[in-house]
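Asks: what follows is a predicted protein model with its sequence.
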Amino acid sequence: MGKGRIMGIDFGMKHIGVALSDELWITASGFETVNWNGEDDSWALNRIADICKEKGVVRIVLGKPSRTDGTKSHTEECAEVFASKLTDLTGLEPVLKDERYTTVLASRFMHETGRKAKNQRKVIDQVAAEIILGDYLETLR
């Protein structure tokens, strides 16, 4: 196991949370929130590709924003296109993982730890990415 980091991504149409594992694939930590306009994703894709290169990422886990009724949402379709473009840029094919309720869980966690709502917005997507990545790391054990 190990030999590089795994990146977790909480995909959103305005904010993309990024988390990274340690090199032993034990822990997940929030790293950055990448902001974009929901249309031209080239800056966001290039930033994530740069992080992959800088941090030695060997695998990407991208949260798939599925609907609770199982039908495909517009955001889920955008996430799949984003994943494909990320593969083209990095050579890494993202593992798509159900991310339903991760933002709700992240918000609840931050509230319980005393983080003020105003400060939550800056890191909530990173915490959601941590949850996605942490769940994935658990499946590897």
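Replies: Ah, there it is.
Asks: element containing the closest residue to residue 136 other than its chain neighbours?
Replies: Nearest residue to residue 136 in three dimensions, chain neighbours excluded: residue 61, at 4.5 Å (C-beta to C-beta, 6 or more residues apart in numbering). In short, each C-beta sits where N, CA and C put it, glycine included. Taking DSSP states H and E as the definition, one finds residue 61 inside strand 57-64.
Asks: isn't residue 37 right up against residue 14?
Replies: Yes. The pair residue 37 and residue 14 qualifies as a contact (C-beta atoms under 8 Å) at a distance of 7.5 Å.
Asks: quick one, what contacts residue 72?
Replies: Residue 72 sits next to residue 66 when contact means C-beta atoms under 8 Å, 6 or more residues apart in numbering.
Asks: before we move on, back to that, which secondary structure elements does the strand holding residue 61 contact?
Replies: strand 5-10, helix 74-90, strand 95-98, helix 117-140 (3 or more C-beta pairs under 8 Å, 6 or more residues apart in numbering; DSSP states H and E).
Asks: quick one: strands adjacent to that strand?
Replies: Sheet partners assigned to strand 57-64 using DSSP bridges are listed as strand 5-10 (parallel), strand 95-98 (parallel).
Asks: tally of neighbours for residue 38?
Replies: 12 (other C-beta atoms under 10 Å).
Asks: that one: what's it in contact with?
Replies: Residue 38 makes contacts with 13-14, as judged by C-beta under 8 Å, 6+ apart.
Asks: before we move on, what about the one 3 residues further on?
Replies: Counting by C-beta under 8 Å, 6+ apart, residue 41 makes contact with 82, 85.
Asks: that older thread, tell me the mean pLDDT over the strand holding residue 61?
Replies: Per-residue pLDDT over strand 57-64 has a mean of 95.
Asks: point to the helix or strand of the chain where mean pLDDT is at its lowest.
Replies: When each helix and strand of the chain is scored by mean pLDDT, DSSP states H and E, helix 102-112 comes last, with a mean of 64.
Asks: contact partners of the strand holding residue 61?
Replies: With contact meaning C-beta under 8 Å, 6+ apart, strand 57-64 is reached by 3-11, 20, 51-52, 76, 79-80, 82-83, 86, 90, 92-99, 102, 128-129, 132-133, 136.
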